[in-house]
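Q: Fold the following, please.
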Amino acid sequence: MPYFDAASSAPLHPVARQALLASLDEGWADPARLYREGRRAGLLLDAAREAAAEAVGCRPDELAFTSSGTAAVHSGISGALAARRRVGGHVVASTVEHSSVLHSVAAHEARGGSRSEVAVGRTGAVTAEGYTDALREDTALACLQSANHEVGTEQPVAEVAEVCRAAGVPLLVDAAQSLGWAQVPGAWSLLAASAHKWGGPAGVGLLVVRKGVRFAPQGPADERESGRAAGFENIPAIVAAAASLRAVRAEAAAEAVRLRALVDRVRARVPELVPDVEVVGDPVRRLPHLVTFSCLYADGETLLHALDRAGFSASSGSSCTSGTLTPSHVLRAMGVLSEGNVRVSLPTGTSDADVDRFLDALPGLVAGVRESLGAPVPRTQTSATADSLVIDVLGERCPVPVIELAKVIGDVPVGGTVTVLSDDEVAGLDIPAWCWMREQEYVGERPADRGVAHVVRRLS
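A: Numbering: from 1, shown residues only. Predicted coordinates:
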């Protein structure tokens, strides 16, 4: 079964497996102890730190191992903010950061802090100018991912880092998605990453705090990992994480070329094979192994189940995935279609045949999902005049509002309008995205007695 969800968690790299098994017999003792077993464990920990630091591009004493990438983000943000509380409590972050960053910033806000969000364009990228405008005198920290986990768009980290450096504001980079491919460029101040994203074992994260960056670890004091990560180090997992990072980076240049070609094939072929599809994310400045597309008139969760039954393990940022009714914050911020979203992220070793099988199966699977959702929805109120139509889809969920809009847009003349009455939050994202894809005009929305009235003008 092809596994196409490496962005969530990559399969364990063979080098990681070998290192893990080898270090189980050598790395079980307390590395802080002076006896033989402790010294042996300490040597393994030091070697792993040096290897990881070389891959990151930092000094070994700047790098701490944490229990996860999320723990690294939380510790990095809280420690940087605590050290700069005299400057202020303002945080700047993009609208497409990983949930670990957003949750940490939200907790900071709940304690009385403030934040500014930097918007992204339709490809999901920020601009350095956006950070310039958002920074203030009381800004204590800025955050920016190196590459987006949902759409693969790479961010201008070096340019943003320079803006922050000039303003005297530390920049924390979430490098979880990109560190397995390359070092993060620029004069960033803090960096967080997670081993299971590059083929290391789960339960190991990295937190790097550059020398000279003010940092005050929060929580009870702990003597391990420079006080930045409490608890006994999982040395076998850390050794495996460092060994696999070195291994994947040695393979990265050649594998990036190969996987980028496969992703280019998916990006080009999916719109040709499946009608009404939007491929999202930057087509050039992106991770080599990841592509995301959204299918009109399809339910994301149903489509993922269909792919799974056909033997493909993929992911989704669709608003309907996992039973939620809230669209992906990344897709929302980009202003792109969220319904029927599929994220394909190829692990190392993915073959041409795996991608070909996926492309062969996808059109029929999407068509089946669309057919299952194609029945007309009973409407409690439908009215039409010479140049306008009102459809009531209150109580219906994505992708029904867009399906019903598509069915009736041809019933009004060019210049006429269709008003969609909906109480589905996702309609406010997907109806404008549908208009953009189908070259119709989204006039706007207004409150209704129940829900929201979305007005669309037919242009062609």
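
Q: Which residue, other than its chain neighbours, is closest to the residue positioned nearest the centre of the chain?
A: Closest residue to the average C-alpha location of the chain: residue 149 at 2.5 Å, with Cα atoms, centre = their mean. Among residues not flanking residue 149 along the chain, residue 177 sits closest, at 5.1 Å (Cβ to Cβ, 6 or more residues apart in numbering). Where C-beta positions appear, they are placed from N, C-alpha and C, glycine not excepted.

Q: Please report phi then psi for the residue nearest to the centre of the chain.
A: Main-chain dihedrals, residue 149, degrees, to the nearest 10: phi -80, psi -20.

Q: if I read this right, it contacts residue 176, doesn't it?
A: Yes - counting by Cβ atoms under 8 Å, residue 149 touches residue 176, with 7.0 Å between them.

Q: who touches both of these two?
A: residue 98 (Cβ atoms under 8 Å, 6 or more residues apart in numbering).

Q: buried set for the helix ranked longest in the chain?
A: Counting by DSSP state H, the longest helix found in the chain is helix 235-273. Buried residues in helix 235-273, counted by 16 or more other Cβ atoms under 10 Å: 235-249, 251-252, 255-256, 258-259, 262-263, 265-267, 269-270.

Q: Repeat that for stretch 295-305.
A: 295, 296, 297, 298, 299, 300, 301, 302, 303, 304.

Q: Can you list which of the residues you listed are found in strands?
A: Mapping those onto strands (DSSP state E) picks out residue 295.

Q: quick one: which of the buried residues of stretch 295-305 sit in helices?
A: Using DSSP H, the buried residues of stretch 295-305 in helices are 300, 301, 302, 303, 304.

Q: So the second one is in contact with residue 314, correct?
A: No - at 11.8 Å, residue 301 and residue 314 do not qualify as touching, with contact defined as Cβ under 8 Å.

Q: for the stretch 101-250 of the chain, what spans make up the strands?
A: 114-118, 139-145, 171-174, 190-194, 205-209 (DSSP state E, counting those that start in this stretch).

Q: Parallel or antiparallel, list what pairs with the first one.
A: Yep, that's strand 114-118 we're talking about. Strand 114-118 pairs in its sheet with strand 90-94 (parallel), by DSSP bridges.

Q: So which residues make contact with the strand it pairs with?
A: With Cβ under 8 Å, 6+ apart as the criterion, strand 90-94 contacts 77, 81, 101-102, 105, 108, 113-120, 126, 130-131, 134-136, 138-145, 155, 169.

Q: again, but for stretch 252-268
A: Outside stretch 252-268, the residues within contact range by Cβ under 8 Å, 6+ apart are 180-182, 279, 283, 288-291, 293, 344, 346, 348, 350, 352, 355, 358-359.

Q: Quick one: mean pLDDT over that stretch.
A: Mean per-residue pLDDT for stretch 252-268: 96.

Q: What is the least confident helix or strand in the chain?
A: Between all helices and strands in the chain, the lowest mean by mean pLDDT, DSSP states H and E belongs to strand 382-384, at a mean of 48.

Q: Following element in sequence after that strand, please.
A: strand 388-392 (DSSP states H and E).

Q: chain center to that following strand, what's the gap?
A: Averaging C-alpha positions (Cα atoms, centre = their mean, to the nearest Å) puts strand 388-392 37 Å from its chain's average.

Q: Can you list the buried residues in that strand?
A: 389, 390, 391, 392.

Q: now those residues in CSV, with distance to residue 217 and pLDDT?
A: Shown next, in CSV, are the buried residues of strand 388-392 (distance: Cβ to Cβ, whole Å; pLDDT from 0 to 100):
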residue, distance to residue 217, pLDDT
389, 61, 87
390, 59, 89
391, 56, 87
392, 56, 90
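
Q: correct me, but residue 108 touches residue 115?
A: Yes - Residue 108 is within contact range of residue 115, at 7.4 Å (criterion: Cβ under 8 Å).

Q: quick one, what contacts residue 196?
A: So residue 196 contacts 9, 10, 202, 203, 204 (Cβ under 8 Å, 6+ apart).

Q: How many neighbouring residues does residue 40 have?
A: 17 (other Cβ atoms under 10 Å).

Q: Can you say which helix or strand has the closest residue to it other than its chain neighbours in it?
A: In space, residue 40 comes closest to residue 26 once its chain neighbours are excluded; the distance is 5.7 Å by Cβ to Cβ, 6+ apart. Assigned by DSSP H and E, residue 26 falls within no helix or strand.

Q: In contact with residue 26, which residues?
A: Residue 26 neighbours (Cβ under 8 Å, 6+ apart): 40, 41, 44.

Q: Using TSV, please lay out those together with pLDDT and distance to residue 430.
A: Below are the contacts of residue 26 laid out as TSV (pLDDT from 0 to 100; distance: Cβ to Cβ, whole Å):
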residue	pLDDT	distance to residue 430
40	93	58
41	93	54
44	95	52
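
Q: Of those, which is the nearest to residue 327?
A: If you rank the contacts of residue 26 by distance to residue 327 using Cβ to Cβ, residue 44 comes first, at 45.0 Å.
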